[in-house]
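S.K.: got a predicted model here, sequence first, then my questions.
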Amino acid sequence: MKIGIRKHVGKTPSSCAGFSVIEVLIVVIVISIVVVLALPQIMSSRRLLAFASVQRELTTYLREARQIAMSERKPITFQFNDTSKTITLYGGSLGPVGTAQNRILDLKGLGIEGPDIVYGRPPGATVAALGDGTNMTGLTSNAVEITFEGDGSVLDGSDNPQNNALFFYHAMYPQETAFGLSILGAGGRVKVWDYSAGLNAYVE
């Protein structure tokens, strides 16, 4: 009586075990290529998100300066220093500029390099006035100051309402990040304007 021996044809130890070493290497290489290609986009997105916080903080500090001025019935000054990239609120209960009571925010602490925060309008963008008629406020001694009076208004040296507009953009993504902030002198209202490259205009 013969006992037949069953042979396992076509199965090797490597195929029984699962993936071969070559297959694993191919998967690793493909994943590495995908990561390398996606990394610039990830970094770009992170920078854009970080710069959005610059717009938010500038808007918040401008509005807060106005609110404090109105609640205390005393002038409060908002200052942006383009050298240090800092915002400072002073006056009233916040004390004279340079004292410990000042409210100070370093925009570089938001995860953005100082040189990437640019005051002004990006190359190629319109230099026309914003929709409310305000236009860019120039820097004086590399800073811009806006003083809100006790009634919330912003006045010039002759006590007439003075409009202001601040413009910013990210040096690496100029037109994608450009925005403006207008401050209407009569009531001190702060408005936000985002730049649209397609329209070549700042849109509220």
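M.R.: All right, it came through fine. Residues are numbered from 1 along each chain as shown.
S.K.: only C-alpha atoms for contact and neighbour calcs from this point on.
M.R.: OK.
S.K.: what's the spacing between the longest helix seen in the chain and its chain's center?
M.R.: Longest helix in the chain by number of residues, with DSSP state H as the criterion: helix 21-72. Distance of helix 21-72 from the chain centroid (Cα atoms, centre = their mean, to the nearest Å) equals 9 Å.
S.K.: quick one: the helices in this structure?
M.R.: So, for the chain - with DSSP H - the helices run 13-17, 21-72, 174-177.
S.K.: where among the ones you listed is the average confidence lowest?
M.R.: Of all the helices of the chain, mean pLDDT reaches its minimum on helix 13-17 (a mean of 47).
S.K.: please name the residues that touch the nearest residue to residue 81 once chain neighbours are set aside.
M.R.: Spatially, and ignoring its direct neighbours in sequence, residue 81 is nearest to residue 143 (4.4 Å; Cα to Cα, 6 or more residues apart in numbering). Applying Cα atoms under 8 Å, 6 or more residues apart in numbering, we find residue 143 in contact with 79-83.
S.K.: now with 7 Å, please.
M.R.: Shown in contact with residue 143 (Cα atoms under 7 Å, 6 or more residues apart in numbering): 79-82.
S.K.: residues near the closest residue in space to residue 196 that isn't next to it in sequence, how many?
M.R.: The shortest distance from residue 196 to any residue other than its chain neighbours is 6.0 Å, reached at residue 202 (Cα to Cα, 6+ apart). Residue 202 has 22 neighbours, counted by other Cα atoms under 10 Å.
S.K.: what bridges to residue 202?
M.R.: Beta-bridge partners for residue 202, by DSSP bridges, are residue 195.
S.K.: coming back round to it: in CSV, list the contacts of residue 143 along with distance to residue 110, neighbour count and pLDDT.
M.R.: CSV is the format used below for the contacts of residue 143 (distance: Cα to Cα, whole Å; neighbours: other Cα atoms under 10 Å; pLDDT from 0 to 100):
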residue, distance to residue 110, neighbour count, pLDDT
79, 18, 21, 98
80, 15, 24, 98
81, 16, 18, 98
82, 15, 19, 98
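S.K.: how close does the residue nearest the centre of the chain sit to residue 83?
M.R.: By Cα atoms, centre = their mean, the chain has its centre lying nearest to residue 51, at 1.9 Å. Distance, residue 51 to residue 83, using Cα to Cα, to the nearest Å: 17 Å.
S.K.: may I see the buried residues of stretch 171-187?
M.R.: The neighbour-count check on stretch 171-187 (16 or more other Cα atoms under 10 Å) flags 171, 174-175, 177-185, 187 as buried.
S.K.: right, and residue 75 touches residue 146 too?
M.R.: No - counting by Cα atoms under 7 Å, residue 75 sits too far from residue 146 to count as a contact (10.0 Å).
S.K.: which one of the two has more residues nearby?
M.R.: Per other Cα under 10 Å, whichever of residue 75 and residue 146 has more neighbours is residue 146, with 25 against 21.
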